[in-house]
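Student: sequence and predicted structure below; questions after.
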Amino acid sequence: MRKVLLPTIIIIAASLLVIRIFYLQIIDDSFKLKSENNAIKKVYDYPERGYIYDRNGKLLVANQASYDIMVIPREIKKDLNIDEFCALLNITPEEYHKRVAKAKVYSPRLPSVFLSQLNKNEFAAFQEKIRKYEGFYFQKRSLRDYEVDYGANIFGFITQVNEKLIAQNPYYNSGDLIGKQGVEQSYEEILRGIKGVKYIQKDKYNREIGPYKEGKYDTIAVAGEDINLTIDAELQKYGEELMINKRGGIVAIEPKTGEILSLITAPSYDPGILVGRQRSKNYTLLYNDSIAKPLYDRGLLAEYPPGSPFKILTGLVALQEGVIDEEKFSVSCHHGFSYARGRFMRCHCSGGQLQLHRGIYQSCNTYFATAYMRTINKYTKPGAAVDIWSNHVKSFGLGQFMGYDLPTGKRGNIPTSKTYKRIYPNGGWRSTAIVSNAIGQGEVLMTPIQLANMMATIANQGYYYTPHIIKKIEGEKIDPKFTTKHVTTIDQKYFTPIISGLFDVYNRGTAYSLRVEGIDICGKTGTAENFAKINGKRTQLKDHSIFVAFAPKDNPKIAIAVMIENGGFGATVAGPIASLMIEKYLRKKITRTDLEIRVLNKSLAAEYAKVAPPNPASIIESVPKDSVLRAKIIVPKPVVPKPEAKKTAVDTTKKN
Amino acid sequence: MKNQSVKNNIDWISVFIYIALVTLGWLNIYSSSLLSTDGTYQKQLIFICCTIPLIFVVLFVDGKFYEKYASIIFGVALLSLAGLFLFGKTIAGQRCWYAIGSFTLQPSEFAKAATSLALAKYLSDTQINLKETNRQIQALAIMLLPVLLILPQPDPGSALIYSAFILVLYREGLPSWYVWTGFITIILFVLTLVLEPYAVIIMAFVVLAIIHFKGRAVDRNIILSGILLILISGFVFSVDYVFDNVFKQHHRDRFNILLGKTVDMKGIGYNTNQSEIAIGSGGWIGKGFLEGTQTKGGFVPEQHTDYIFTTVGEEWGFAGSFVVILLFVSLLLRVIYLAERQKTKFSRVYGYCVAAILFIHFFVNIAMVIGIFPTIGVPLPFFSYGGSGLWGFTILLFIFLKMDANKVNEW
């Protein structure tokens, strides 16, 4: 027995060691990562972000150098002239001490950021003397430089990645920049390029002792690609100018291609304020403005019952279904339509016997309600009928995400039999119950870009391309889905009478006063009712003003939808803006200067103030500053005096 | 003629394992000190070269010499330990070295071999019977004399090594309750630190009760069980007291880290944490020779000495660690096998001493590095950097190999 003890202990002890080592090396895999964090430092080489141009090659977004002042606290000389140093950087001595103390807490031996994102001017004075200040040095970074002060909603902005995204996407590390919203987000991977990485072996003091494995795993940065947008910069700028003191959205599309010519939301802001040292302050201001919502892209997101413009589709479907025709079918209107017992739909047309043509240009509710009811009543089951109607309408890209290349959107709504099963669980509904759909109310919801796309489809007489904002990517093809034709379920021949009706909206109808000499515009006014809670009471506000159009009538070049919040009747604000935009795009100059002045001076501030007083952020909701049109604007008195202190948040460096 | 006999009779298996361990040791020291500028791996290479004449001297000395002069060698060793108090050089708070110019020598590394010889000499007397209390005391005295000189240096690691001789004494007839008491003491010690003292006493009570009622009727001795329980309670409370009041904070910390009670990875837990990271990041086959990031970065403190096994773990992975452990186990079992076939009691006891000492170094060192034993300064034989250690272990082993090679001539 005594001989066996020692060998036994040796074998048991050795097994114990092997088991423990097996656990450490094979089972517990946390050590690999710990070891990498310990010993290998990754140094990234960030490529320059791609530039953004408009459709004509005008540079919209470039990059600018920005400088971070770095400090290694231990290397600061004791005889540093703090006052002189602070004066150069425009900080107070208290701030200096606070920042140095903070850097010291991080590490006295390692560099930390002392002051970040200085622009060229701020840095210039300091640069000459930086050699005097031991312990301080600078690091160059690349930030966005906006060549224009409009289009913020199109560009989006650059921000630091958040923790959630870092966890999801291994490409990003803490502190990396990423595009948010707009094309910066949609085309992030193209614009950003691919960062290069160098692996550096560190020792226990965190000092670098050379490349890891002789740089075997190092990669070289790939520069970001430049992109051209479909946006017409001049049109975009003009649209934003027209939207001064209004809230709403404008979307203009080139019908032949689906290219978005302008995408305007108001209020907006100067994209330049989200760059540099004031970025986070400004962003917070914009973000917190829950009333004017400058970060909310109304062109893409504002869902409303479209009102009258929807009658175009009602007519087209009725024609396709054969329940009306161009000549023979007519409706008699007596300032309204009694569609069921005790139910009356008012109408503003001039009355009498109407055919399709006058029905359109006078926007007769009775005509289209009748046409719609005939469409539904054509089938024995109203559910089946609604689905047939719904499919026709959806072939225009409505009631669904359109698949355009911007990161935000809304589906809108086109009701189906399911919708009404939900509303009327016991059935028993007939065409009369859903007749509001005929005139673009009821359950129908559309966004401005859907309205614009609808107009583009009508201009094309039955097809559209998915709206998109990318025109060209350097060295790459754009997504083939943007060059795929979508054909509607409506035969081409039915578009002709509709277009002729829309043409007479300008010649004889609701948009008569908005004509532009020499340009054949087809359009349609609309209004959308809306409500808000004021003092806890549901109150009807002034209607949203809507206008859709395309031009020229033959060979259309632009289709447009304009939505102005609380603008009233379609022809008062939205209509003039549509006309001006069309003229601007087709002619590059404005002949209807009377309209222009009227629009520029139209302020809805008082209307908006009814719901809520202006927010501090409205100060930075910008209008194009180099606008020659500004002179023509009579600046309305602000309803509530804006506090002076808030102004400090605005980065003024760009204006100088 | 003599030369011929050594060459033919020496146990080449042990020699080859020895050469393999020393070579692997140097490769790992090379890797871990490649970026340091104080010539660590060059010096170790010189130390290794010096072992060659040393081995020849050990092998050419007459086989009888060691038995004859065991007591004198032991005396010289004790004197050299005692001399440290007068002439010793203090490095990092420990007075363990003689300095000769820039060169240092650690006598405690050689004292292990000397004590082994003394113990073997004492036990080889046919009159000695370890069942007798007197003999037990004398044997333990030989063991404890160097410990008394080493502990105050202070060098608890080296002192700990001498507990290995208990295993040798057991082989030679020490009553088995010594060993059992030792085991139970260790278990109680650890349990007391992990749990509350009362919980340990209740556990002891339950175990004793089970043994009392389930055991054989002849073993039922209520008085003995009662005395055992009182002894255990006393031990548990004194451990609790000693740990809290006698131990210094850094001793307590070492135990607390091991038991997972403290997780201060930047401070006191740094060593263990870093060595676990280095080993744990090795995976199946390691990062490759000279490719260990932790090794290159110097994250593991004392990596070329007590923590040399971390380099093995990081750069050679589980495969390499397993091979090294296998080499050690083979050597130990080989030495025990050789010891058992010795013709004289002297060389058998000495062989056991060699196995026990190498084993306790091997186990305590690796167990410490992989975090299952408190941090204590014990080198890994043949691996760790240091001339005294390498030479001490080489002499220890080769004296035995000489005895083994000589056994045929002893008739």
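Tutor: It's in. Because the structure is predicted, anything quoted here is derived from the model rather than measured.
Student: tell me the centre residue of chain B?
Tutor: B:H361 (2.8 Å; C-alpha atoms, centre = their mean).
Student: model confidence for that one, exactly?
Tutor: Looking at B:H361, its pLDDT is 95.
Student: what about it, which helix or strand?
Tutor: Assessed by DSSP states H and E, B:H361 sits inside helix B:345-369.
Student: beyond that helix, next helix or strand please.
Tutor: Next in line after helix B:345-369, if elements are assigned by DSSP H and E, sits helix B:387-406.
Student: so which elements touch that following helix?
Tutor: Applying 3 or more C-beta pairs under 8 Å, 6 or more residues apart in numbering or on different chains; DSSP states H and E, we find helix B:387-406 packed against helix B:2-9, helix B:12-32, helix B:40-60, helix B:63-68, strand B:103-105, helix B:107-124, helix B:308-340, helix B:345-369. (Each C-beta comes from the backbone N, C-alpha and C, glycine too.)
Student: ok, 6 Å please
Tutor: Under the contact criterion of 3 or more C-beta pairs under 6 Å, 6 or more residues apart in numbering or on different chains; DSSP states H and E, helix B:387-406 touches helix B:40-60, helix B:107-124, helix B:345-369.
Student: any idea how far apart the tips of stretch A:115-132 sit?
Tutor: Distance between the two ends of stretch A:115-132: 17 Å, counting by C-alpha to C-alpha, to the nearest Å.
Student: any buried residues in it, and which?
Tutor: Neighbour counts over stretch A:115-132 (16 or more other C-beta atoms under 10 Å in any protein chain shown) mark A:L115, A:Q117, A:L118, A:N119, A:E122, A:F123, A:F126 as buried.
Student: which one of those is nearest chain B?
Tutor: Lowest distance from chain B to those (C-beta to the nearest C-beta) belongs to A:L115, with 29.3 Å.
Student: give me the pLDDT for the residue lying closest to the closest one once chain neighbours are set aside.
Tutor: Nearest residue to A:L115, sequence neighbours excluded (C-beta to C-beta, 6 or more residues apart in numbering or on different chains): A:I69, at 4.3 Å. Per-residue confidence (pLDDT) for A:I69: 84.
Student: contacts only, for A:I69.
Tutor: A:F114, A:L115, A:F138 (C-beta atoms under 6 Å, 6 or more residues apart in numbering or on different chains).
Student: pLDDT check: weakest of those residues?
Tutor: A:F138 (80).
Student: that one is in contact with A:Y67, isn't it?
Tutor: Yes. Assessed by C-beta atoms under 6 Å, A:F138 is found in contact with A:Y67 at 4.8 Å.
Student: who has more neighbours, these two?
Tutor: A:Y67 (22 against 16; other C-beta atoms under 10 Å in any protein chain shown).
Student: what kind of secondary structure is the more buried one in?
Tutor: strand (DSSP: H, G, I helix; E, B strand; the rest coil).
Student: contacting residues for it?
Tutor: By C-beta under 6 Å, 6+ apart, the neighbours of A:Y67 are A:L118, A:F123, A:F138.
Student: quick one: the spatially closest residue to the first one that is not a sequence neighbour from A:F157, how far?
Tutor: Spatially, and ignoring its direct neighbours in sequence, A:L118 is nearest to A:Y67 (4.6 Å; C-beta to C-beta, 6+ apart). With distances taken as C-beta to C-beta, to the nearest Å, A:Y67 is found 20 Å from A:F157.
Student: which strand or helix spans the residue of the stretch 251-400 of chain A found nearest chain B?
Tutor: As assessed by C-beta to the nearest C-beta, chain B sits closest to A:S280 within the stretch 251-400 of chain A, at 32.0 Å. Per DSSP H and E, A:S280 falls inside helix A:279-288.
Student: which intervals of the stretch 1-150 of chain B have sub-threshold pLDDT?
Tutor: Under the criterion pLDDT under 70, the flagged ranges of the stretch 1-150 of chain B are B:1-5.
Student: model confidence over stretch A:369-379, on average?
Tutor: The model assigns stretch A:369-379 a mean pLDDT of 90.
Student: hmm, who's touching that stretch?
Tutor: A:314, A:317-318, A:321, A:323-324, A:331, A:337, A:339, A:345, A:382, A:385, A:389, A:431, A:435, A:438.
Student: swap in stretch B:381-398?
Tutor: B:21-22, B:25, B:29, B:44, B:47, B:51, B:55, B:58, B:105-106, B:109-110, B:113, B:304-305, B:308, B:354, B:358, B:361, B:379.
Student: hmm, try it at 7 Å
Tutor: If you take C-beta atoms under 7 Å, 6 or more residues apart in numbering or on different chains as the criterion, stretch B:381-398 is touched by B:18, B:21-22, B:25, B:28-29, B:40, B:44, B:47-48, B:51, B:54-55, B:58-59, B:105-106, B:109-110, B:112-113, B:116, B:304-306, B:308, B:354, B:357-358, B:361-362, B:379.
Student: in chain A, where's the longest helix?
Tutor: The single longest helix within chain A, with elements called by DSSP state H, is helix A:2-22.
Student: which ones are touching whichever residue of the stretch 251-400 of chain B sits closest to chain A?
Tutor: Distance from chain A to each residue of the stretch 251-400 of chain B (C-beta to the nearest C-beta) is smallest for B:G280, at 2.7 Å. Neighbour list for B:G280: A:L24, A:Q25, A:D28, A:F31 [criterion: C-beta under 7 Å, 6+ apart].
Student: reformat these as a markdown table; add pLDDT and neighbour count.
Tutor: Converted to a markdown table, the contacts of B:G280 look like this (pLDDT from 0 to 100; neighbours: other C-beta atoms under 10 Å in any protein chain shown):
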| residue | pLDDT | neighbour count |
| --- | --- | --- |
| A:L24 | 89 | 24 |
| A:Q25 | 89 | 27 |
| A:D28 | 84 | 12 |
| A:F31 | 80 | 23 |
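Student: and chain B, which of those residues reach it?
Tutor: Contacts with chain B are made by A:L24, A:Q25, A:D28, A:F31 out of the contacts of B:G280, judged by C-beta under 7 Å from any C-beta of the partner chain.
Student: please produce JSON lines containing those residues, extended by distance to A:L16 and secondary structure.
Tutor: Output for those, formatted as JSON lines (distance: C-beta to C-beta, whole Å; DSSP: H, G, I helix; E, B strand; the rest coil):
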{"residue": "A:L24", "distance to A:L16": "13", "secondary structure": "helix"}
{"residue": "A:Q25", "distance to A:L16": "15", "secondary structure": "helix"}
{"residue": "A:D28", "distance to A:L16": "16", "secondary structure": "coil"}
{"residue": "A:F31", "distance to A:L16": "19", "secondary structure": "helix"}
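Student: so A:M345 makes contact with A:Y339?
Tutor: Yes. With contacts counted by C-beta atoms under 7 Å, A:M345 reaches A:Y339, the gap being 6.2 Å.
Student: sort out for me which of the contacts of A:Y67 are in helices.
Tutor: A:F123.
Student: pretty sure A:R192 is touching A:R49, no?
Tutor: Yes. Here A:R192 reaches A:R49: they are 5.9 Å apart, a contact under C-beta under 7 Å.
Student: intersection of neighbour lists for these two?
Tutor: A:G224.
Student: what parts of chain B come near chain A?
Tutor: So chain B meets chain A at B:35, B:167, B:170-171, B:276-284, B:291, B:293-294, B:296-299, B:313, B:317-318, B:321-322, B:325, B:329, B:332-333, B:336, B:340, B:355-356, B:359, B:363, B:366-367, B:370, B:372 (C-beta under 7 Å from any C-beta).
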